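In: Quick one: sequence and predicted model below, then my questions.
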Amino acid sequence: MNFSPVRYSADVAPPEPDFDRHMRQAIDVIEDFERGSVEGEGEGRAVRFAHAKAYGLVRGTLEILDGAPPEYAQGVYGRPGTHDVLVRYSNGLSHLGADRMLGNVVGMAVKVFGVDSTTTLPDEATSRTMDFNMINGPIFFCNTAAHYTFLSKLFIDMPKYRLDGRRGNHRMYYNWVTGYGTLPPEEWAWDELGALLRLGARARWQNLLLSSFFSMGAMRHGDYIAKLRIRPTDASAAGVRARVLDPTSQDEVFRPALVGELARSDHEFDFQVQLCASLETMPVDDLTVEWEEHESPFVTVGRLRFPRQDIGGEDNLAAADGLSFTPWRCPPEHVPIGPIQAVRKEVYRRSSVLRHELNGQHRAEPASAADVLPDRS
């Protein structure tokens, strides 16, 4: 290691001014959407305000590898062993519909079982699960609780913008930068818009098993600060047959390709940690800035494996939608850091509680992966 990683402290990211008020506004927007989604999305059920459309729920294992350098072998990554996992692949937006209308910014939510620690969520401290919320890009396009409200509205309105073509795009950019016309010019979200455009440009219409997924936000990594990446191994990526997807060919392209590849072969991924080397060049409170690998490389601390399996059928999608994922379902030594991470704690919880209530689902963390997804390999 040719750098000294930044050590974690509780005050590494100062609280955002007027945080509670902005968070309540975001919650109001999201809860209004979820109530309306029961009829608005056409399926008679409430959907998530983000990552609404599931592409599949996958059963696998995460092996925490032995022998990682001490700075990386922190917290759960310092305890070698193998855990069952469930992985939910999804679209990033708030809606259901054809893949070509929703776009190719996609998510990978990972639930790890058998974690030997309490979580930071008081109502389920003993669940022994740990979640990772990842997308197929290293940056995010929102930095504050205030902008999170506008982001929520943007996600909800995105299909309307896209249906209106170029004019719709212009209106979307204006609303995003100006906070729907409410922000003074000195607070306009130019950096956030740039991140939105860069993320869209980097996303690919490809098999989900070929994509790398990132935590976007920073988190405590024991004594240090880190971001995460899940990347297919070279051998696993080389074996994927259905590689490039054509969203104009049919309404569904991501799910059929995922189902087909998992039915045919096993797949393997590197679970990696990138340590913060400098708070100036690798900030924790500005998610529009990519942490450069020349300053701090990603180091593999685990291996995620999917056995060959059948994830086809509506029961798989129903199981995916019954689960909740939040980066705050984690041990204290891996607590999320920064304003956006902080707003997610209550927003995700409230969204999950309301969605389960509207859908008549019992909300509880599963005790095992088999309780949710029996082996159908």
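Out: Great, that's in hand. As the structure is a prediction and not an experimental result, all values here were calculated from the model. Numbers count the residues shown, from 1 in each chain.

In: The helix or strand bottoming out on mean pLDDT in the chain packs against which elements?
Out: In the chain, no helix or strand scores lower on mean pLDDT, DSSP states H and E than helix 145-163, which sits at a mean of 85. Packing partners of helix 145-163 (3 or more CB pairs under 8 Å, 6 or more residues apart in numbering; DSSP states H and E): helix 19-40, helix 99-102, helix 165-178, helix 339-358. C-betas here are computed from N, CA, C, even on glycine.

In: if we go to 6 Å?
Out: Applying 3 or more CB pairs under 6 Å, 6 or more residues apart in numbering; DSSP states H and E, we find helix 145-163 packed against helix 19-40, helix 165-178, helix 339-358.

In: quick one, the longest one and helix 145-163 angle?
Out: Direction vectors for helix 19-40 and helix 145-163, defined by axes from the mean of the first three to the mean of the last three CA atoms, to 10 degrees, enclose an angle of 30 degrees.

In: please renumber so the chain begins at 28
Out: Renumbered: residue one is now 28, and that last one reads helix 46-67.

In: chain center to helix 46-67, what's the gap?
Out: Remark: helix 46-67 is offset 19 Å from the chain centroid, using CA atoms, centre = their mean, to the nearest Å.

In: If we go by neighbour counts, what in that helix is buried?
Out: The neighbour-count check on helix 46-67 (16 or more other CB atoms under 10 Å) flags 49-50, 52-54, 56-58, 60-61, 64-65, 67 as buried.

In: For the protein, just list every one of the helices.
Out: 46-67, 126-129, 172-190, 192-205, 217-229, 261-265, 281-291, 341-349, 366-385, 396-399 (DSSP state H).

In: Which of the ones you listed sits closest to R34?
Out: For these, proximity to R34 was assessed by CB to CB; helix 366-385 is nearest, at 18.3 Å.

In: Grab the CA positions of that closest one and hand them over as PDB.
Out: The C-alpha coordinates for helix 366-385 follow below in PDB (Å, rounded to 0.1, in the frame of the first residue of the first chain):
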ATOM      1  CA  PRO A 366     -25.800  13.400   4.100                       C
ATOM      2  CA  ILE A 367     -27.400  11.100   1.500                       C
ATOM      3  CA  GLN A 368     -26.500   8.000   3.400                       C
ATOM      4  CA  ALA A 369     -28.100   9.600   6.500                       C
ATOM      5  CA  VAL A 370     -31.400  10.500   4.700                       C
ATOM      6  CA  ARG A 371     -31.600   6.900   3.400                       C
ATOM      7  CA  LYS A 372     -31.900   5.500   6.900                       C
ATOM      8  CA  GLU A 373     -35.400   6.800   7.600                       C
ATOM      9  CA  VAL A 374     -36.600   7.200   4.000                       C
ATOM     10  CA  TYR A 375     -35.900   3.600   3.200                       C
ATOM     11  CA  ARG A 376     -37.500   2.400   6.500                       C
ATOM     12  CA  ARG A 377     -40.600   4.400   6.100                       C
ATOM     13  CA  SER A 378     -40.900   3.400   2.400                       C
ATOM     14  CA  SER A 379     -40.600  -0.200   3.300                       C
ATOM     15  CA  VAL A 380     -43.100  -0.100   6.200                       C
ATOM     16  CA  LEU A 381     -45.800   1.700   4.000                       C
ATOM     17  CA  ARG A 382     -45.300  -0.600   1.000                       C
ATOM     18  CA  HIS A 383     -45.700  -3.700   3.000                       C
ATOM     19  CA  GLU A 384     -48.700  -2.300   4.700                       C
ATOM     20  CA  LEU A 385     -50.400  -1.300   1.400                       C
END
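
In: helices or strands next to that helix in the packing?
Out: Here helix 366-385 touches helix 46-67, helix 172-190, going by 3+ CB pairs under 6 Å, 6+ apart.

In: out of the ones you listed, which comes closest to S242?
Out: Comparison of the helices and strands packed on helix 366-385 against S242 by CB to CB identifies helix 172-190 as nearest, at 17.0 Å.

In: returning to that earlier point: which pair in the buried residues of helix 46-67 has the greatest spatial separation?
Out: The widest separation within the buried residues of helix 46-67 (CB to CB) is 26.5 Å, between H49 and V65.

In: Quick one, grab the pLDDT at the closest residue to A290 other than its chain neighbours.
Out: Closest residue to A290 apart from its sequence neighbours, by CB to CB, 6 or more residues apart in numbering: D337 at 5.7 Å. Confidence at D337, expressed as pLDDT, is 96.
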